[in-house]
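*Asks:* Build me a model:
(2 chains, ligands or ions: 3)
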Amino acid sequence: MTFTVPAQLETELDELLTHYPEKRSAAVMFLHALQDHFGFITPEAMEWTAARLGLQPISVLELVTFYPMFRQQPVGKLHFKICRTLSCALAGSYRLHQLFCEKLGLDCHQPGPQTTPDGRCTVEFVECLAACGAAPVLMCNDRFYEKVTEAMAEKMAAEHGFEP
Amino acid sequence: MAQEFRLILKHLDQPGYTPDLECYLRHGGYEVLKKAVSLAPVSSSDGRTITGQDKIRQEVKLSGLRGRGGAGFPCGVKWGFIDHKSGKPIYLIGNADESEPGTFKDRQIIHKDPHQLLEGMILAGYANQVQLAYIYIRGEFMEGARLLNRALAEARSNHFLGKNILGSGYDLEIYVHRGAGAYICGEETGLIESLEGKRAYPRIKPPYFPAVLGLYQCPTIVNNVETLCAVKHVMAMGGAEYAKLGSPNDPGTRIVCVSGQVKNPGYFEIEIGKVTLGELINDLAGGLREKRKLKAVIPGGSSAKVLKAGEKFKLKHRQADGKEVVREVDLLDLPYDAESLAAAGSMCGSGAVVVLDDSADVVEVLANISEFYAHESCGQCTPCREGSLWMSKILQRLNSGRGRPQDASELVRIAGQISGGKTICAFGEACAWPVESFVAKFKNDFEAKGAAAEPEEPEPLKP
Ligand SMILES: Cc1cc2nc3c(=O)[nH]c(=O)nc-3n(C[C@H](O)[C@H](O)[C@H](O)COP(=O)(O)O)c2cc1C
Ligand code: SF4
Ligand code: FES
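*Replies:* Ligands and ions are numbered 1, 2, ... in the order given. Modelled structure (predicted):
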């Protein structure tokens, strides 16, 4: 199967290259753009990126495995990232995480992101999201939700209960 | 009642204040830049010419402004390390990685007043002859990156950025570069590696001081978002005037983020040293919840050493007649400034105060912090990579009722093998200091959990 990048995305990526004196610098931004478009990063996407930037594919793979935001598997349409760190934990984020997992039939003791079998939701504990003054905090896809209550969490987790 | 002193935050929470250029201009935006780029060269008494750029650097040095990212290094001194004769390009990076637990101020500026950051950066760029600058923003701030890109486009089309800025002949381009979820990208040399398209493995210093061998091995300035905003206010007021604010060794204002077990957590801009920890907690952040007593304060982000309620500290104080006196103060009476916090054995760090009341279980709190560091160690140095995970596992074990009486001393022993300059970057200290200070100050809590634990049954080998 050949890996094709739509023309508009290619234009965006070409423009990105002009931001840096050395092409390699664009690697993380390329991976963000490809992950946003395809949903996750495939070996083909990594090879394509490597070829574009004049790198060995291993130099791209080592980025994908280092940076927590990159993933090699698809995630749910709603990706909940719940802050696990101190100020949020003191404000009940572990309870929120448990609540999401229970509502969605996931195991809250499993490490790492977990996705419902229907592919609708992914739940993940993440580290401090720099919004500790409004703890507990979570993100759904690109958006921040602050001072999240259990009632809000239940609505978010419920099917059709929530559009981000 | 302690009051805020809003300089950087002056407008951004006012009703109707929006992040667009038009609003910024209506509030006097880019006036400081206009004045700075039109500063005419003057000749000094010894016959040398002082350019407008030299003048800005002098003002920043005079202001005594310290970095707000964590290390608190004087900004003007840092700029002074830049070699302008190397013939290499000089880079400027705005550090918007904001990921020290407890810190949430940079995002407010980026979301609500992005042009203030840009004006500060353009001033810093102009002063240091930078032609290419980056804002390194943490990956989760997608909206922040969009807002910055919009602000950059507005600045470009109004000649505040790009070629021949405001007709001065100065060219500068700024781009937004996104990280992807790793805390270590906030460490300046890790950030630089990351911006070069590599894993964010911090570089060893010496020789890789950013000012000498930074981005692409060229001289590079890395400054926190808030520091860059402060540069604008230094130039607006003049360095000498700015230096009158705050405390003599830590001048100006800074944004303190208060979170944890208080009634009204939030960000408060204060005149440094003019407000005490107690006033921050009780006046600005609304105090503790009903019927709660203070247990401890983490005064400068999760990496800072914890301070225990009731602790007393000795502060040196210079009287008007020049005589130095020592006075003893309670934790809550500690002025919030670099010197006082250092005298208390901790630091202001990133300006993040996390408050713990008597409902908090300190062993759980430390376990939470240690899990963060175990997750975020970049893995280059053995003591940090292995030690951070090991400490986290011991703490989890203690909390799950399977601890051992010697766990407290074991934690301190492991931490001692990480801190003290044994690792490539200061993350080593950052993960060891909380452990060392929590265990030292709350030894009973740790030992009680270790002693109360059920002895582990040896598991028989399966035949
Ligand atoms: C582990 C670690 C994490 C850091 N994270 C940040 C950060 O998120 N934001 C930041 O501005 N500085 C951070 N710093 C400090 C930077 O290395 C650097 O000192 C700072 O950006 C310099 O800017 P300043 O002088 O304006 O404070 C971190 C340092 C360490 C050791
Ligand atoms: S101290 Fe830790 S985070 Fe810093 S370079 Fe070493 S392993 Fe990486
Ligand atoms: S601790 Fe949750 S946002 Fe900082």
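*Asks:* Can you report how many residues neighbour residue B:338?
*Replies:* 20 (other Cβ atoms under 10 Å in any protein chain shown). Any C-beta I mention is one placed from the backbone N, CA and C, and that applies to glycine too.
*Asks:* again with residue B:282
*Replies:* 18.
*Asks:* would you list every one of the helices in chain A?
*Replies:* Along chain A, the stretches classed as helices by DSSP state H are A:7-17, A:27-38, A:43-53, A:57-66, A:86-90, A:93-104, A:150-157.
*Asks:* Kindly spell out which helices and strands sit in contact with the fourth one.
*Replies:* It stands for helix A:57-66. On a contact count with 3 or more Cβ pairs under 8 Å, 6 or more residues apart in numbering or on different chains; DSSP states H and E, helix A:57-66 meets helix A:27-38, helix A:43-53.
*Asks:* hang on, the earlier thing: can I get the helices of chain A in a markdown table including distance to ligand 1?
*Replies:* As requested, the helices of chain A are exported to a markdown table (distance: least, Cβ to the nearest ligand atom, whole Å):
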| stretch | distance to ligand 1 |
| --- | --- |
| helix A:7-17 | 23 |
| helix A:27-38 | 16 |
| helix A:43-53 | 26 |
| helix A:57-66 | 15 |
| helix A:86-90 | 16 |
| helix A:93-104 | 20 |
| helix A:150-157 | 28 |
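*Asks:* Just name the most buried of these.
*Replies:* Across those, averaging neighbours per residue (mean count of other Cβ atoms under 10 Å in any protein chain shown) puts helix A:86-90 on top, at a mean of 28.
*Asks:* quick revisit: would you tell me which of the helices of chain A gets closest to ligand 3?
*Replies:* Comparing those by their distance to ligand 3 (Cβ to the nearest ligand atom), the top pick is helix A:86-90, with 3.3 Å.
*Asks:* Can you tell me which helices and strands that closest one packs against?
*Replies:* Using 3+ Cβ pairs under 8 Å, 6+ apart, helix A:86-90 sits against strand B:253-260, strand B:352-357, helix B:362-376.
*Asks:* Look up how far residue B:440 lies from the most centrally placed residue in chain A.
*Replies:* Central residue of chain A (Cα atoms, centre = their mean): residue A:69, 5.0 Å from the mean position. The gap separating residue A:69 from residue B:440 is 36 Å, by Cβ to Cβ, to the nearest Å.
*Asks:* Tell me the confidence at residue 112?
*Replies:* You didn't say which chain, so I picked chain A. Residue A:112 is assigned a predicted lDDT (pLDDT) of 92.
*Asks:* hmm, I had chain B in mind actually
*Replies:* For residue B:112, the predicted pLDDT is 98.
*Asks:* next one: residue B:315
*Replies:* 93.
*Asks:* Let me know whether it touches residue B:329 as I believe.
*Replies:* Yes - applying Cβ atoms under 8 Å as the test, residue B:315 and residue B:329 come out as touching, 5.6 Å apart.
*Asks:* The two - which one has more neighbours?
*Replies:* residue B:329 (20 against 16).
*Asks:* from memory residue A:86 sits against residue B:260, does it?
*Replies:* Yes - here residue A:86 reaches residue B:260: they are 7.2 Å apart, a contact under Cβ under 8 Å.
*Asks:* which residues are in contact with both of these two?
*Replies:* Any residue near both residue A:86 and residue B:260 by Cβ atoms under 8 Å, 6 or more residues apart in numbering or on different chains counts here, and that gives A:132, B:102, B:354.
*Asks:* Roughly how far does the first one sit from residue B:260?
*Replies:* In this view, residue A:132 and residue B:260 are 8 Å apart by Cβ to Cβ.
*Asks:* now the nearest residue in space to residue A:129 that is not next to it in sequence: how far from ligand 2?
*Replies:* Nearest residue to residue A:129, sequence neighbours excluded (Cβ to Cβ, 6 or more residues apart in numbering or on different chains): residue A:83, at 4.8 Å. Distance, residue A:83 to ligand 2, by Cβ to the nearest ligand atom, to the nearest Å: 21 Å.
*Asks:* what about residue A:83, how many residues close to it?
*Replies:* Neighbours of residue A:83 (other Cβ under 10 Å): 29.
*Asks:* which ones are touching residue A:2?
*Replies:* No contacts exist for residue A:2 under Cβ under 8 Å, 6+ apart.
*Asks:* pLDDT at it, what is it?
*Replies:* For residue A:2, pLDDT reads 78.
*Asks:* For chain A, see how far away residue B:310 is.
*Replies:* The gap separating residue B:310 from chain A is 21 Å, by Cβ to the nearest Cβ, to the nearest Å.
*Asks:* Where does the stretch 351-463 of chain B get nearest to chain A, which residue?
*Replies:* Closest residue of the stretch 351-463 of chain B to chain A, Cβ to the nearest Cβ: residue B:368 (5.0 Å).
*Asks:* which neighbours do residue A:132 and residue B:260 share?
*Replies:* Shared contacts of residue A:132 and residue B:260, counting by Cβ under 8 Å, 6+ apart, come down to A:86-87, B:102, B:354.
*Asks:* mind checking which of the helices and strands packed on helix A:57-66 is nearest ligand 2?
*Replies:* helix A:27-38 (18.1 Å).
*Asks:* Could you give the average pLDDT over that closest one?
*Replies:* On average, helix A:27-38 scores 98.
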